[in-house]
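Visitor: got a sequence here, can you build the structure:
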Amino acid sequence: MITIESLKSYGANVEEGLARCLNKEDFYIKMVNLGLKDERFDKLADILAAKDLNSAFEACHALKGVIGNLALTPLYEPISKMTELLRARTDTDYSELVAEVKSQRDKLLAM
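Guide: Just a heads-up that it's a prediction; the model follows:
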């Protein structure tokens with residue numbers, strides 16, 4: 001179960017995330033859980049495999065916003081890096097970044 005303490009130990013900037021949620025811990029935790037269940041996480045690898053860089057950028061940029069607002073820093077960093085590469089429509093192998101995003105998300109979902 002995700003708690004404020006587990007998010008802190010994960011490396012999230014809980015104070016920043018809480019501030020965006022009116023300092024309501026229950027609301028913040030609810031938003032974290034909803035954000036982690038965003039279907040774009042599951043679709044991103046397939047979109048990238050299809051080399052649809054426009055759709056991949058849209059999905060990744062949206063995830064960056066959600067995760068950034070929740071201040072989940074270890075997950076935000078690889079999403080942010082991927083977003084900037086996709087913004088430039090860089091045709092590269094995204095598998096390492098996708099794996100890092102999946103790994104960080106899995107850590108949070110396992111709490």
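
Visitor: what distance do you get for Cys21 to Tyr28?
Guide: According to CB to CB, to the nearest Å, Cys21 and Tyr28 sit 4 Å apart. For every residue, glycine as well, the C-beta is placed using N, CA and C.

Visitor: next: Ile67.
Guide: In terms of CB to CB, Ile67 sits 13 Å off from Tyr28.

Visitor: still on that earlier bit, the more surrounded of Cys21 and Tyr28?
Guide: Tyr28 (23 against 18; other CB atoms under 10 Å).

Visitor: tell me the spacing between the residue positioned nearest the centre of the chain and Asp93.
Guide: Central residue of the chain (CA atoms, centre = their mean): Ile67, 4.3 Å from the mean position. Using CB to CB, we find Ile67 at a distance of 22 Å from Asp93.

Visitor: one more: Arg105?
Guide: 20 Å.

Visitor: more neighbours, the two?
Guide: A direct count of neighbours by other CB under 10 Å for Arg105 and Asp93 places Arg105 higher, at 23 against 8.

Visitor: I figured that one hits Asp38, correct?
Guide: No: look at Arg105 against Asp38 with CB atoms under 8 Å: they stay out of range, at 9.4 Å.
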